[in-house]
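K.L.:
starting from these lines, generate the structure:
(chains A and B)
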Amino acid sequence: MIRLECSSFAYDGGPVVLSGVDLAVEPGTLVHVVGPSGSGKTTLARLLAGQTGAGNGAQFRGALTLGGDRLEFTGGPGDPRIDPAAWSSTVAYAAQRTEGQLSMMSATVAEEIAFGPANRGMPAGELRAAVQATAARLGLTDLLNRDPRRLSGGQLRRTIIAAAVVGNPRVLILDEPFQGLDADARAEVARTLEVLRAAGTALVICAPMLPGAAPGHSRVLALVSGRPVSDGTLGQARTAGLGRYAIGTEGSAPVVLPDPPQGWAAPAAAPGVSVKAGGPLAELAGVSFSYRGEGARGQAEVLRGVDLRVDPGDIVGLTGANGSGKSTLLQHLNGLLRASSGTVTVAGRPLGRRTATGRLAGAVGFLFQDTDQQLFERTVLREVAYGPAAAGAGREAAQERARTALAAVGLGHAAGEHPYELGFVERRLVAFASLIASGPAVWVLDEPTAGLDLRGRNRVGELLLGHAAAGGAVVLATHDEAFADALCTRVLELKDGRILSGGARRGAGGA
Amino acid sequence: MPRRRVFNPLTELLAAALLVVLVLVVNTWQFSLAVLVAAVVPGVLFSGKPRQIALAIAVTAGPLLVSSFLLHGLFFPEGTTVLAEWGPARVTAEGLQFAALTGLRLAVFTGVLLTAALTVSIPELVSTLTHRGWNRRLVFVVGSAVGLLPHVAERSRQITRAQQARGLVVGGSVPSRVRGLLMVSVPLVTGLLIDAAERTQLLEARGFSSPGPRTSYLPDTDTAGQRTARWLMAAGVLGFACAWYAVGAGR
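P.N.:
Residues are numbered from 1 along each chain as shown, chains lettered A, B, ... in the order given. Sure thing, here's the model as predicted:
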């Protein structure tokens, strides 16, 4: 069906990022391409999608075979050019980031799905039928009249997949289709993909870890540093010892060293934060919250009478479905949101209406779910030094603390790079280092492990344990139950804005 | 409450453009005032979002109107009928009349064009142009910019929150606010550029620049009657303009 032979691929003047790959995908089969951050997964996905980068100075040596046609590439100017529109009618591609995947021209999901075939001139009657049929297959019929810019994560992914497959392509390439989705949304997307595969579509899914649950017939190609290290069935991949390449299995417990080696632990004793001995680091008492101006839903309460006490050494995990109020609760801890009723106390002081969020940054550090919206400096070092500098530390002192924090997340070598030139996992860790550098006693983390590879996930686990051991506290919202189970001293489940389970205190985990 | 759509976007945009042409051709403050009262004000009121449009008009036309009245009202060299005088400043009847003329004209322009632009349905316009077989690229550029605005606003809000969480304190003072704005713009623009690069690939892959005819998912809301009406309106305004200038030249 489709075959990629890549003897080498390099972006404009850069090092070789993919080599020695020979991947053939047959109709109705499922191939997982797994590998840690920077292993060449996205490059492989783009090559299959026909993006050989010929116009951007990239050098691709190898061949792409689609159906019976073989295109050979030598990395020179005489290489064939692939017409993206023609290629995508057979090979559809859904990229990792969802933001750039909407046409921004469609007021409804139906128009978004119809965008591709309409551009190819499909007659109006057929077009409607195709959109309806695709929506019915993928369970999107109820969403057809919704604004695609206002969908939940899982709905948006499925809309993008629907828009990619409406022309009945024979191959579908997906780059991290499950990133940032909760268990229900993942199941929705997985069902969608199985429907397509059963109908004969060849699927290629790129992800940092081996799938936790996948059909037994699926095949796994593992990449490390741009080279294949394992190619076989899922069962073979599970026993191939991929752990030594930092390729883990989704849903498995993180492996953390109980005593992190020197230099890995978080900077202890956050400067500038004074806490009364024995008092909580942060406390929510009877907090209720509703977003103003919610329209027809009126003042729907997102939080209802939440009590939460965070003491030194605590690692509190918040679980619950999307929309249960986890992120809303977290944002009360650093004043991004202010309680409609109840009190929030941080570092021994109650939060007033007029306490600026920026003034709390030294006491409470916040890691947002969307990494890219929190990186804004020219270099990684400046990025990480921003917090300490804003808190009044001198330039030298701020940079020193930034270097320590970067070393703690394992990115000491990347200080001079531009944050946007790093891979997803490194960007996530830069955001984490920015939080650490300000030295807050309380870390508030929204989905800290989403999209991380095995090494990144383990590193984050170690940082949390080190911080708690040094007298700090962590509150995290997560869909990663194995991670929460392994590390948290308490796991609280949120439902409809209330804390359901009491979260009996447990000893901190570790491997 | 959203406005009930009566006419096709093309008809609405053409009517707005022709109204502007008429005001330019006739060029008297009485006519501008009549158009303002009879067409623009009801248009804004029944647009479904009068506040938003009124605000947009005030922001665009307000400063120009004020400066025009100050400038022409107080310092109009050709003015002879002096109503009041303070040193070098003279309020003249001619100056006020000129200020009223330009001011009303400006109010009509901004009122008509902003009402049309802010209420037009971009997807319907693109669909109409597709059904008529016109080039949609320009419309796409304008339309996606309009479609992006809420997205950009939401994104800059998120970035500000992230920066506050890292210790940025935006105070009430002007330098502090300007600094806050600058801090937001870098990640905002970088993010939008990355999105745009990805979207370009997506658009290419989905055949946006393919040659050949295209179709539209939305039904054609244009009618033969409206097409005729558009031709008649355009011809009518053209004829009127010719006649107006002919009569004016003959006088």
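K.L.:
what's the helix or strand for the closest residue to chain A within the stretch 101-250 of chain B?
P.N.:
Using Cβ to the nearest Cβ, the closest approach of the stretch 101-250 of chain B to chain A is made by residue B:198 at 2.8 Å. In short, each C-beta sits where N, CA and C put it, glycine included. Using DSSP states H and E, residue B:198 sits within helix B:174-205.
K.L.:
near chain A, which residues of the stretch 1-150 of chain B show up?
P.N.:
The stretch 1-150 of chain B has residues B:121, B:122, B:123, B:126, B:130, B:140, B:143, B:144, B:147, B:148, B:150 near chain A, with proximity defined as Cβ under 8 Å from any Cβ of the partner chain.
K.L.:
leaving out sequence neighbours, find the closest residue to the residue of the stretch 101-250 of chain B closest to chain A.
P.N.:
What sits nearest to residue B:198 in space, not counting adjacent residues and going by Cβ to Cβ, 6 or more residues apart in numbering or on different chains, is residue A:100, at 2.8 Å.
K.L.:
what's the answer for residue B:8, then?
P.N.:
Among residues not flanking residue B:8 along the chain, residue B:222 sits closest, at 4.5 Å (Cβ to Cβ, 6+ apart).
K.L.:
below-threshold pLDDT in the stretch 51-200 of chain B: ranges please.
P.N.:
Scanning the stretch 51-200 of chain B for pLDDT under 70 picks out B:135-136, B:138-139, B:142-143, B:146-147, B:171-172.
K.L.:
show me how chain A divides into domains.
P.N.:
Annotated domains of chain A cover A:1-90+A:171-250, A:102-168, A:282-363+A:440-499 [automatic domain parsing].
K.L.:
average pLDDT across the first one?
P.N.:
When the per-residue pLDDT values of domain A:1-90+A:171-250 are averaged, the result is 89.
K.L.:
measure that domain end to end?
P.N.:
Length of domain A:1-90+A:171-250, first residue to last, Cα to Cα, to the nearest Å: 29 Å.
K.L.:
mind pulling the model confidence for the residue of chain A found nearest chain B?
P.N.:
Of the residues in chain A, the one nearest chain B is residue A:100, at a distance of 2.8 Å by Cβ to the nearest Cβ. Residue A:100 carries a pLDDT value of 77.
K.L.:
direction included, what does whichever strand or helix holds residue A:222 pair against?
P.N.:
If you go by DSSP H and E, residue A:222 is part of strand A:219-224. Using DSSP bridges, strand A:219-224 pairs in its sheet with strand A:30-34 (parallel), strand A:227-233 (antiparallel).
K.L.:
how far off centre is the longest one?
P.N.:
Meaning strand A:227-233. Chain-centre distance of strand A:227-233: 24 Å, with Cα atoms, centre = their mean, to the nearest Å.
K.L.:
go on, stretch A:334-351?
P.N.:
From the chain centre to the centre of stretch A:334-351 is a distance of 29 Å (Cα atoms, centre = their mean).
K.L.:
and stretch B:84-93, by the same measure?
P.N.:
Relative to the chain's own centre, stretch B:84-93 is displaced by 35 Å; criterion: Cα atoms, centre = their mean.
K.L.:
can you get me the start-to-end distance on it?
P.N.:
End-to-end span of stretch B:84-93 (Cα to Cα): 10 Å.
K.L.:
let's verify residue A:485: helix, strand, or coil?
P.N.:
Following DSSP: H, G, I helix; E, B strand; the rest coil, we place residue A:485 in the helix state.
K.L.:
need the pLDDT of it.
P.N.:
At residue A:485, the model reports a pLDDT of 92.
K.L.:
isn't it right up against residue A:253?
P.N.:
Yes. Residue A:485 lies in contact with residue A:253 (Cβ atoms under 8 Å); the separation is 7.0 Å.
K.L.:
follow-up on the earlier one: assumed the residue nearest to residue B:8 was part of a helix.
P.N.:
No. Read with three-state DSSP, residue B:222 is coil and lies in no helix.
K.L.:
now do the contacts for it.
P.N.:
Taking Cβ atoms under 8 Å, 6 or more residues apart in numbering or on different chains as the criterion, residue B:222 is in contact with B:8, B:10, B:11, B:128, B:131, B:132.
K.L.:
tell me where the model's unsure across the stretch 301-450 of chain A.
P.N.:
Within the stretch 301-450 of chain A, no range satisfies pLDDT under 70.
K.L.:
where exactly do the strands run in it?
P.N.:
A:301-310, A:315-319, A:341-346, A:349-350, A:364-367, A:442-446 (DSSP state E, counting those that start in this stretch).
K.L.:
mind listing residues that contact the first one?
P.N.:
To tie it back to what came earlier, the one meant is strand A:301-310. By Cβ under 8 Å, 6+ apart, strand A:301-310 touches A:280-291, A:316, A:325, A:328-329, A:332-333, A:339-340, A:342, A:442, A:473, A:475, A:492, A:496-499.
K.L.:
just the buried residues from those residues, in ChimeraX please.
P.N.:
Only the buried entries of those go into this ChimeraX selection, using 16 or more other Cβ atoms under 10 Å in any protein chain shown:
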select /A:280,281,282,283,284,287,289,290,316,325,328,329,332,333,339,342,442,473,475,492,497,499
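K.L.:
no further queries at this time; thank you.
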